[in-house]
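Asks: The sequence and its predicted three-dimensional model are supplied below.
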Amino acid sequence: MAAMTAASWGERAVGLLESAKTAGEVPSKLKQLRQLKAVLLHRDPPLLPEFVTRLTELQSERASPVRKFLAEMIGDIGSKHLELLPEMAPCLLAFLKDETPAVSRQAITTGTSLFGYVLEKLVIQGLYSSEIDDSTKSSWAWMLKFKDAVLHIAVQSGSDGVRLLAVKFVETLVLLYTPDPYISADPPQEPVYGLGFNISWLRGGHPSLNVGELAMEASQSLGLLLDHLRSPQVKSLSNSIIIVLIKSLSAIATKRPSFYGRILPVLLGLDPAISIVKGVEVPGAHHALKTVFVACLECTHSSAEPWRARLVEALKAINDSELAGQATNKNSGGVSISNEESLPLKDDNSSMQACDEASSDLVRKRPVTELNNDLLQDDSPAAKRIRQSTQTVQDLPNEPLQQLVAMFGALVAQGEKAAGSLEILISSISSDLLAEVVMANMQHLPPTCPKTDKDDVASETGYPSCLASSVLPSIQSSPLISDIYSLSSLSPLLASLLNIQPSMSHDVAESHQISEEKVMDTVETTLLSSSVGDGSAMMPAILPASVSPFPVVTQNGSSAVSLSLNSATEERVIPGVDSTSSTDEIQESHDASHSSNPEVNDSSQDHATSLGSLVPSNVLSTCSMATDVLETQSTGVGIFDTSQASSTASLVTSCQYVLPKMMILDVNLTDEAKDQLQKVAFVRILDAYKQVAISGGLDARCSLLVHLGIEFPLELDSWGLLQKHVLSDYMDHEGHELTLRILYRLYRETEQDQDFLSSRTAISIYETFLLAVAESLRDTFPATDKSLGRLLAEVPYLSEGVLKLLEGLCCPDRSEKHEKDFQSGDRVTQGLSAVWNLILLRPSSRARCLLIALQSAVHSAEEVRMKAIRLVANKLFPMPGISQKIEEFAHDKLHSVIDDVPAIEDMEADESTSGLQEDSKLGKPSSSRGQQSDNALKSSTHLDQNAMSSLISEAQRCMSLYFALCTKKRSLLREIFTIYKNISKAAKEAIHKQIPILVRTVGSSPELLAIISDPPTGSEDLLMQVLHTLTDGIVPSQDLISSVKKLYHSRMKDADVLIPVLPFLTKDEIFPIFPHLVNLPIENFQGALSRMLQGSPKTGPCLTPAEVLIAIHGIDPVKDGMPLKKVIDACSACFEQRKVFTQPVLAKVLNQLVEQIPLPLLFMRTVLQAIGIFPSLVDFVMEILLRLISKQIWKYPKLWVGFLKCAIQTMPQSFSVLLQLPAAQLENALNKHPVLRPPLVEHASQPNIRSSLPRSTQVVLGLVQELQASSQGHTSQSQAADTGSSTADVATELTQESSAVS
Amino acid sequence: MGAKLRYAMVCSSNQNRSMEAHALLKRHGFDVSSYGTGAHVKLPGPSLREPNVYDFGTPYKFMHDELRRKDPDLYKRNGILPMLKRNLGVKNAPQRWQDNAADGCFDVVVTFEEKVFNIVIEDLSNRKQVLIRSVLIINLEVKDNHEEAATGGKLALELCQEIESADCWEDAIDDIVAAFERQHKRKLLYTISFY
C-alpha cells in the first residue's frame, strides 16, 4: 500500500466509489464509502476536487444511511477544503429536505459547523485584508442559503428531530452574530484560525460583513425562537422542542446577557402554562425551566440582575408545585445503598418546609459547627478531621439549596414588593437551613473575584451600601458595623481606596442621574451576585437577621463585638440565625434608607470587595453572635424605630466609614458581664453533649472546649467546669477522650514555652487536672475498672502528683488499709497493673514506676508485698532493661537486714547483759541447728513474743523480694548464705521460714549444689536446713549426694551434714564415718540412726540393726578420739528401740561380737543390757559366758568385771558357768563377790555336780581339804587382789570419763 | 431504522442501579455503558457513619475481595458481595460520568435519580458543544436498594427498547414517555442536550 502511487490511489478511489454505488447491501456501501473517505482525506487529498462532483451524485442514493454518510462526509471535506464547499453545498441543501429525518439532521449538523467555520474564515480574512477570496465568498453565499433554509425548518412544523437541530442552529447563529462579552473585543494581531472569533472585532469595518446587519439578523432569529414559546404557538409544540427551545434560549441569555430582557419575559411567561402539554403533564419542560432559571440566576452579568426577583419567584412557584407533586408521588423508601442520600440535609425540599425548629434544630446545626471549626482549624488539633468532614458535606451538591440562596437574593433585591414573600420564605425555613444557605455559598467561593466591567463594579457596591444604609441611624452606636469597617480599614486595599475619596463627590453626582429604580435594582441584585460569586457570600442571607438587631443590642448596653473579638471561637457553635420575626422590619428599613440614599452606593463600592476578600469568618461570627445575643436577651422590639430614621444621617455615615481610624472598640460591657457571657457560652457547649452526640460532632466539640479552655482567662475556671463535666459522668461524657484532649492541648501549651508564665500556668493546670481526674477515677470506680490505667497510659506525661497517687495505690498506708480493708487488695492490684502498663508503655517514666513497684514489693503488709513481688519477679524482672535495677534494689534490701534487723541484740543489750552473753554465745557458729538456736533464743531472751515476731516479719519484708528473685536467677542464692552469718536471730528466723519454699522451688539446681559443696562460712545452720528440705520426702539426686559428700570431706567434718543423705549412702561409705555419727549429740545420732535403719525407699535400709550395733562396738574411743560415753549412749539409744533391736538381733550381735578379737570394750555391758531387756536370753548368755571363759576372759580386767556382774545377775543359771572357771579365777570371783559363795557352794554341793567338779574347784569352794585349798587360796587371793585393784582403777577411770563426757 | 444508539446508565456510585441496568441491557444486546456521578464510590459499611469509600476506577474485584476479607457475613447478608460479583462480570471498575469525555457521544442517558440527572445535564452543558449531536437524558427515579434496582433495571430496559425501536427518538420521545408513564405509573423526567 505504501508503495502505491498517486495514480493508483486515484484508481482505488474510483473503484471504491463504483462499488459503493453498485453494492446491494447498505453496510457494504457504507464500508466502501468509509474507505473512500479515508483515501481522499488522508491518502491523497489532491484527488478531492475530481471526486467531489462524483460524490455529490450519491445524493440520489436510495439508502438513507448512505445519504447520511455523504452529508457527514461533506462536513469533513468542507472543513478542510473550504474551496470545495460551493460544489458540495447544493447537495447539502438538498439533504435538508430529505425524506429521512436522519439525513436532514446530519445535514443540519454538518451545515452548522460549516457555517461557523466559513464565517470565521470570512471574518478573519476580512480583518487582515481588504480582499476576500472568491471561494470564501461563494462558500459564504451558500452558507447564507443554508441558513435561510434551516431557519425555515426551525419555524415549520415537521420532524421534531430535525427541528431540534434547526433550533440549535439558530442558537449558534445568534451567538455567532452577536458580540461575546466574555472574549476580548479587539481582534488579535495575527490571523488565527480555528480558535473562534468575536463578531465585535468587525466594529472596525469588514469588506462584506456589517456588524449592525448581523446583529439585526441575530435579533430577528432570536425573535423567531421566542415567538415559538409564546402562546398560543407553544401549545402546538412537542415537549422536546419546548425543552430544546428553553435550553437554547437560556444558553443565549447567559452567553449574551444583553438579550436577557427579551428572553426572560418569554421564559417567565411560559410558567406555568406549559406544564401541561398535549393533555399530559410532562415535567421535562418544567425541569428544564427550573434548571434554566437557576442558570440565569447564576449569571453574574449586569443585564441579568434586574430579572433575579422574578426568576426567584418563578423558581419558588416551580418548587412549590413540585413539592406538591412529590408529596403525592413519594414512594415509601427502602434501604438506601448510597450513603450520601441518608444525610438529613439531602431532602432539602422537606426541610425547606419544616418549621419544627425546636425538635430538629440541634441535629441540623452540625454542619454549621463543622464549618466554624474549619475556620478555627489552625488552632485546633483536630483540624484535619474537621476539614475532612467539611469536605464530605461539600461533596454533596445541594442544588435546591442554591436555588434557595438565589431566591433569597432575588427577594431581597426586589425591595418592598417582595418583603412579604421574603418574610414567608424565612419563616418557612428553619434557622439551620438558613445556616445551610450560608454554607452553601461559602463552598462556592471562587479563588478570585470575577472580573467585572464598569457596570458590575457599580453593582458590587450594593451590599455594603445597603448594609450601611440600613443601619445608618444607629451606626454610631453600633459596634458591629464599626467593627466591620475597622476590619475593612485594616485591609491594604482600603488604604488605596482612601485616595479615591476625593472623587467621591463626582461619583455621587453621577449616581444622582441614575433613576431611583435603576439604582435599587443594581444594588439589590448585587446582593445576589455577591452571594453567588464572591467572598462575602453569606452576607445576603444573614444580613436581614443579623444587622438589624444592633440598635437593640446597644440599647441593652451589651456589646456583641467585644465578645466576638475576645473570643473568636465562642460564637461558632451558636446557630446562625434565629430571628425570623425581624426580617420584615429590616427589609423595610433597608429599603427606606436605601432608596433615599442612592449616593452612598458609589462611595462604598470598593469596600465591598475588600470586605468580600477578608471578612468571611469575622463577619459571619459577628453576625451570628449578634443574633445570639439578641436571642438570649429575648428582645425583638425597638428595631423599627431606629432603622427608620431619616436619610440625612446617611451621608454622615458614609463619611464616617471611610475614615481610616474607625476602630471603635467601645466596649460597654463590664468585665464581669463579659466573663459571665463567656462562661454561659462555655457551659452551653459543655452541656450540649447529648445533642452533639446525636449529631456526631463530638470531635469538634472536644476541640472547641479544649481550645476555649486555653483561651479563656483563668478566672472563668473553664478547667474547673470541664473537670466537673468530665467527672460527673466519665463514661457517658466521653471523659477519657475529652480529658486526653485537654491534657494534650495543655501539654502543647507547655511545650511551646512561649513565655515562662503561660507555660508554667499550663503545667500547673495540667497537673491539677490530671490529678483530679485520676483521683476521681480512683474513688468513684471499682478497683477492677481499667479507666485509670488507661488514662495514665495515654496522657502526655505523668506528673509527680499522679505518680504519688499511684504510689498510694500500690503501697497503701497501714492506717488507710484499715479503713478500707476489704478492697485494698484490689486497689493494689489496680495500682500495680497500672504501674506495669506504664513501665511497658512509658520508657520515660519507667524508672519512677519501677520504684513504685519495688517499694510495694517491700511493703509491710504481706498481701501487698506478695502481689508486688509477683509482678516484679514474674513480669518485670525478665525485662532486660530493668532487671539489673531490680536486682540491685533487692540486694540492697537484703543487706539492709544486716544493719536494720540486728536491733534485737541492741534492744536487749540495755535490758539484760546476761541475755546478750547468751546470745553472743549462741550466735557463734555451732553444731546446733536452727530450731535449737531458736529455742535457745526464745528461752534465753526476755523479749516478748510480739517483738520477736515483728522483727521476723520486718526481716521477711526486706528479704522476700530477693528470695523471689532467686527463683528467677539462681546465682543470687549464694548471697543469702553469705550474709547469713552476719544477720540477727530474727533475720535468721525469717530466712529459715522462707528458705524451704525457695529451696523446693529451686530444687537441687547446679547453683545450689555449688553452694552446698562450698558454702560460705557461717551458713552451716542454713545449709543444714536446705539439705533437710532437699531430702525431705524426696530421693536426692546423685549430684546432691556427691556435693554433700564433697562438702563433708573437704570443708566440714561435721557429720551432721551427712545425716540428710545417709539413707542414700552405701555401707562402705557409712562405716568410715560411723564413729563421727556416734560422736554427734545423741539427738542427732538418733536421727541418723533412724535414717540409716530406714534407708531409702529404693535400696532399703543401708544398715541392719545388727550391723549398726556391731559398728558401734567397733568404735575405739581412743583411736577415734571420742569419749567412751558417746559410744555407750549410742548403744543405749539402740537398746531403747526395742522394736528394732529385738532379741534375735541382740543374740546375733552378741554371737558375732564374742568372736571378735580382741573383744569389744563394751561387750559385757551390752550383754548385761541385753539380758536386762530380754531376760529370756539368759540361756544364750550362759553360752556366751562359757565361750568367754574359754577365751580366758579374766585376762581382760574390764570385761572380767562385767563378766562377774553378769554372772551375779544371772544367778542361779550362771552357777554352772562359774563352776567352769579355773579354780583361781573362781576364787577371785568369790572373793570379789562374796555374795556368790553361799549359793554357789550350795549348788556345787549337789552330788551330781560335785562329782563332776575338779578337786581344785572343790577346794576353792571349801568342799575338800584345807592345805591344798589354802595354798591355792592364797595365790588366787593375791591374784584376785591384783585384779580387784585393777578393776577398781578401770571403774574409776570409766566413771571419770563418762562424767567428763556428760 | 437508524444506526444503533449508544446508551449510558448513570447513578451515583455506578454500583447498584446503573449496573443493574447495564447488566440487563448488555444481555439484551444494547450498546451500553454505565457511570456514577458521585465524588467517590460509596458502599455501605458496618454502620451508617462508616461507609466504604473507594475512588472511581477501583476494580470491582478489588472491592469484592476487600469486603469479603473485612466481614464476609455482613456483606453477603446485605447483598453487597453478590452485587459486586455481578458487577465484575459486567465491567472492570466503576466509571465516573464527569470523566467520560473520551468515551464518545451517547444518544441516550438514563439516570436513576434526579440529583444525578441534574449533574449530568450540568456537566453536558459545561462541555463544549461542537458536534451538535443531540442526546436524550431521561431520569427514572429508582430507590437505591437491591429490589428497586432490579425493578428499575427492567423498566430502563423497556424504555430503551421503546427508544431503540423508534425511527427518530426526537420525534417519538413525548409519546414514549407518556405511554411509559401511563403504563408504569412512574414519572419520567427528560431533557435534551447537545454534544
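Replies: Now that the structure is in, tell me what you want to look at.
Asks: Not counting residues beside it along the chain, what's closest to residue 162?
Replies: In the absence of a named chain, chain A is used. Nearest residue to residue A:162 in three dimensions, chain neighbours excluded: residue A:104, at 4.6 Å (Cβ to Cβ, 6 or more residues apart in numbering or on different chains). Using the backbone N, CA and C atoms, a C-beta is placed for each residue, glycine as well.
Asks: Chain B is the one I meant
Replies: Closest residue to residue B:162 apart from its sequence neighbours, by Cβ to Cβ, 6+ apart: residue B:176 at 4.7 Å.
Asks: element containing the one you found?
Replies: Assigning secondary structure by DSSP states H and E places residue B:176 in helix B:169-184.
Asks: Output the contacting helices and strands for that helix.
Replies: helix A:160-177, helix A:239-255, strand B:134-140, helix B:146-165, strand B:188-194 (3 or more Cβ pairs under 8 Å, 6 or more residues apart in numbering or on different chains; DSSP states H and E).
Asks: Return the mean pLDDT over the one helix or strand residue A:1125 maps to, rounded to an integer.
Replies: Under DSSP H and E, the secondary-structure element containing residue A:1125 is helix A:1124-1136. Helix A:1124-1136 carries an average pLDDT of 77.
Asks: got the angle between the helix or strand that that helix is followed by and helix A:1124-1136?
Replies: With elements assigned by DSSP H and E, the helix or strand that comes after helix A:1124-1136 is helix A:1143-1153. Using axes from the mean of the first three to the mean of the last three Cα atoms, to 10 degrees, the direction of helix A:1143-1153 lies 140 degrees away from that of helix A:1124-1136.
Asks: isn't residue A:865 right up against residue A:963?
Replies: No - with the criterion set as Cβ atoms under 8 Å, residue A:865 and residue A:963 do not qualify as a contacting pair; they are 11.3 Å apart.
Asks: how many other residues sit next to residue B:169?
Replies: Using other Cβ atoms under 10 Å in any protein chain shown as the criterion, residue B:169 is surrounded by 22 other residues.
Asks: quick one on the thing from earlier: so for residue A:736, which of the helices and strands packed on helix B:169-184 sits nearest?
Replies: Each of the helices and strands packed on helix B:169-184 was scored for nearness to residue A:736 using Cβ to Cβ, and the closest is helix B:146-165 (39.9 Å).
Asks: CA-only coordinates of that closest one in CSV, if you can.
Replies: Provided in CSV are the C-alpha atoms of helix B:146-165 (Å, rounded to 0.1, in the frame of the first residue of the first chain):
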residue,chain,number,x,y,z
HIS,B,146,-31.4,-4.1,45.5
GLU,B,147,-35.1,-4.8,45.0
GLU,B,148,-35.9,-1.4,43.5
ALA,B,149,-32.7,-1.6,41.3
ALA,B,150,-33.9,-4.8,39.9
THR,B,151,-37.3,-3.3,39.0
GLY,B,152,-35.6,-0.2,37.8
GLY,B,153,-33.4,-2.1,35.6
LYS,B,154,-36.3,-3.8,33.9
LEU,B,155,-38.1,-0.5,33.4
ALA,B,156,-34.9,1.0,31.9
LEU,B,157,-34.7,-1.9,29.5
GLU,B,158,-38.2,-1.5,28.4
LEU,B,159,-37.8,2.3,28.0
CYS,B,160,-34.6,1.8,26.0
GLN,B,161,-36.3,-0.8,23.8
GLU,B,162,-39.0,1.7,23.0
ILE,B,163,-36.5,4.4,22.2
GLU,B,164,-34.4,2.0,20.1
SER,B,165,-37.4,0.9,18.1
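Asks: If we go by neighbour counts, what in that helix is buried?
Replies: Going by neighbour count (16 or more other Cβ atoms under 10 Å in any protein chain shown), the buried part of helix B:146-165 is B:146, B:148-150, B:152-153, B:155-157, B:159-160, B:162-164.
Asks: hmm, back to that, name the element the residue nearest to residue A:162 belongs to?
Replies: Secondary-structure element containing residue A:104, defined by DSSP H and E: helix A:101-128.
Asks: Which elements pack onto the helix or strand following that helix?
Replies: Counting by DSSP H and E, the element after helix A:101-128 in chain order, helix or strand, is helix A:134-155. The helices and strands touching helix A:134-155, judged by 3+ Cβ pairs under 8 Å, 6+ apart, are helix A:85-96, helix A:101-128, helix A:160-177, helix A:211-229.
Asks: neighbouring contacts of the helix holding residue B:176?
Replies: A:101, A:159-164, A:238-240, A:277-278, A:280, A:282, A:284, B:5, B:107-108, B:134, B:136, B:138, B:155, B:158-159, B:162-163, B:166, B:186-188, B:190, B:192 (Cβ atoms under 8 Å, 6 or more residues apart in numbering or on different chains).
Asks: Using neighbour counts, trim those residues to the buried set.
Replies: Buried residues within the contacts of helix B:169-184, counting neighbours by 16+ other Cβ under 10 Å: A:101, A:159-164, A:238-240, A:277, A:282, A:284, B:5, B:107-108, B:134, B:136, B:138, B:155, B:159, B:162-163, B:166, B:186-188, B:190, B:192.
Asks: and residue A:179, what are its phi and psi?
Replies: In this entry, residue A:179 is assigned phi and psi values of phi -60, psi 140 (degrees, to the nearest 10).
Asks: Quick check: residue A:158 is in a strand.
Replies: No - counting by DSSP: H, G, I helix; E, B strand; the rest coil, residue A:158 falls outside a strand, being coil.
Asks: Please export the C-alpha coordinates of stretch A:692-708 as PDB.
Replies: Only the C-alpha atoms of stretch A:692-708 are listed here, as PDB (Å, rounded to 0.1, in the frame of the first residue of the first chain):
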ATOM      1  CA  VAL A 692     -23.900  16.800  69.800                       C
ATOM      2  CA  ALA A 693     -23.500  13.100  70.300                       C
ATOM      3  CA  ILE A 694     -26.600  12.600  68.300                       C
ATOM      4  CA  SER A 695     -25.500  14.800  65.500                       C
ATOM      5  CA  GLY A 696     -22.000  13.400  65.600                       C
ATOM      6  CA  GLY A 697     -19.900  16.400  66.200                       C
ATOM      7  CA  LEU A 698     -18.400  15.300  69.400                       C
ATOM      8  CA  ASP A 699     -15.000  15.500  68.000                       C
ATOM      9  CA  ALA A 700     -15.400  19.100  67.100                       C
ATOM     10  CA  ARG A 701     -17.000  19.800  70.400                       C
ATOM     11  CA  CYS A 702     -14.000  18.400  72.200                       C
ATOM     12  CA  SER A 703     -11.600  20.500  70.200                       C
ATOM     13  CA  LEU A 704     -13.700  23.500  70.800                       C
ATOM     14  CA  LEU A 705     -13.900  23.100  74.600                       C
ATOM     15  CA  VAL A 706     -10.300  22.500  74.900                       C
ATOM     16  CA  HIS A 707      -9.400  25.400  72.800                       C
ATOM     17  CA  LEU A 708     -11.700  27.600  74.800                       C
END
